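Engineer: Generate a structure from the sequence data that follows.
(one chain, ligands or ions: 1)
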Amino acid sequence: MSIVYLNGEFLPIEQAKVSVLDRGFLFGDGVYEVIPVYGGHCLRLGEHLKRLQDSLDGIQLKNPLTIPQWEQALNELIEKNEGEDKSVYLQLSRGAAPVRDHLFPAQPRPTIFIMSNPLKPVSKETLRTGIKAVTLDDIRWQACNIKATALLANTLLKQQAASQGATEAILVRDGLATEGSASNLFIVIDGVIITPPIGPRLLPGITRDLILELAEANKLPHEVRDISEAELKSANEIWMTSSTKEIMPVIELDGKVLANAQPGPMWERMIDLYQAYKVKLRQGAE
Ligand SMILES: Cc1ncc(COP(=O)(O)O)c(C=O)c1O
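Structural biologist: Modelled structure (predicted):
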């Protein structure tokens, strides 16, 4: 049975209840994080908690817990749930107010929720064949750097991609390819790994940062700069990255198979480096 954390208590998921007046429910007024856990070790916990703080600052909600308190709650939850590898989801909403009102309550009492789910690796078959992606207009708001629970546009975009037979949507704004509906974007052109700069158009992904670090440490040519839609369409390799899906190679874009017709050599190199990083993390060495 899955044990969750709700406002300071650990309890079975079936018993975890939140008010219908919770602003997370009424307005999507909240922020979240997804943290992968390998062999009991959180991947880049400090970075996740830092991004959580940035998201909270972005929605003007005071962090109700200190970093040691977050660490304790997360570690206890990880221990209470079974399984070797987990995906820990944590969410904070602005809590329930006495009446539904767009304005923030004067003294918000945030709802803090954490749950753990089994983390299943992307299948070998998917990694062998790669995924299909489609480009779609980015219909989201202008603060995509905030990891907000209000994900309606992201869900619509992902659903639209699925209805076109694709796994992920690559979002385009003002002629620039920015990120996926639930992932960051990398391309490879002439042996150079390229990803767009952080800013309000995209989420500063923890996996993205790790890939840039691995590229730097291993002297793989890389650039952080805008990617035009035309460049995306002529890229040698395209990758979509996220904490739970790691590095997914795209093999088909908008119905056209990429030149390589299989996951590219730079992807092979990077996924090996990423897996090696995880091995060290499992040993507690990262
Ligand atoms: C819109 C969006 N961009 C990027 C990412 C990747 O972020 P991370 O690597 O921290 O999982 C996600 C993850 O869910 C996302 O939802």
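Engineer: Report the contact partners of the residue nearest the centre of the chain.
Structural biologist: Geometric centre of the chain, nearest residue: Ser242, 4.8 Å, by Cα atoms, centre = their mean. Taking Cβ atoms under 8 Å, 6 or more residues apart in numbering, we find Ser242 in contact with Gly180, Ala182, Ser183, Asn184, Gly205, Thr207. C-betas here are computed from N, CA, C, even on glycine.
Engineer: any idea how far it is from Asp54?
Structural biologist: 18 Å (Cβ to Cβ, to the nearest Å).
Engineer: Let me know whether Ile112 touches Ala16 as I believe.
Structural biologist: No. Using Cβ atoms under 8 Å, Ile112 is not in contact with Ala16, being 11.3 Å away.
Engineer: higher neighbour count, those two?
Structural biologist: Between Ile112 and Ala16, counted using other Cβ atoms under 10 Å, Ile112 has the larger neighbour count: 20 against 17.
Engineer: Let's see whichever strand or helix holds Ala153 as CSV, backbone CA atoms only.
Structural biologist: Ala153 belongs to helix 152-163 when assigned by DSSP states H and E. Extracted in CSV, the C-alpha atoms of helix 152-163 (Å, rounded to 0.1, in the frame of the first residue of the first chain):
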residue,chain,number,x,y,z
LEU,A,152,-4.0,22.2,-18.7
ALA,A,153,-2.2,23.6,-21.7
ASN,A,154,0.6,20.9,-21.3
THR,A,155,-2.0,18.1,-21.1
LEU,A,156,-3.9,19.4,-24.2
LEU,A,157,-0.6,19.6,-26.1
LYS,A,158,0.5,16.1,-25.0
GLN,A,159,-2.9,14.7,-25.9
GLN,A,160,-2.8,16.4,-29.3
ALA,A,161,0.6,14.8,-29.9
ALA,A,162,-0.8,11.4,-28.9
SER,A,163,-3.8,11.8,-31.3
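Engineer: Write out the residues of this protein neighbouring the ligand.
Structural biologist: 34, 154, 179, 182-184, 203, 205-208, 241-243 (Cβ under 6 Å from any ligand atom).
Engineer: make it 8 Å
Structural biologist: Residues of the chain lying close to the ligand (Cβ under 8 Å from any ligand atom) are 33-34, 48, 51, 144, 147, 151, 154, 179-184, 202-210, 241-244.
Engineer: so of those residues, which ones are in strands?
Structural biologist: Taking DSSP state E as the definition of strands, these contribute Glu33, Val34, Glu179, Gly180, Asn184, Thr241, Ser242.
Engineer: What is the top helix by length along the chain packed up against?
Structural biologist: If you go by DSSP state H, the chain has its longest helix at helix 265-282. Helix 265-282 is packed against strand 30-38, helix 206-217, strand 237-242, strand 246-253, with contacts defined by 3 or more Cβ pairs under 8 Å, 6 or more residues apart in numbering; DSSP states H and E.
Engineer: Residues touching that helix, excluding its own?
Structural biologist: 38-39, 41, 43, 127, 188, 191, 193, 210-211, 214-215, 218, 220, 236-237, 239, 246-247, 249, 286.
Engineer: Check the secondary structure at Phe104 for me.
Structural biologist: Recorded secondary structure, Phe104: coil (DSSP: H, G, I helix; E, B strand; the rest coil).
Engineer: was I right about Val192 contacting Ile227?
Structural biologist: No. At 11.5 Å, Val192 does not count as touching Ile227 under the criterion of Cβ under 8 Å.
Engineer: what about these two, which has more around it?
Structural biologist: Ile227 (22 against 14).
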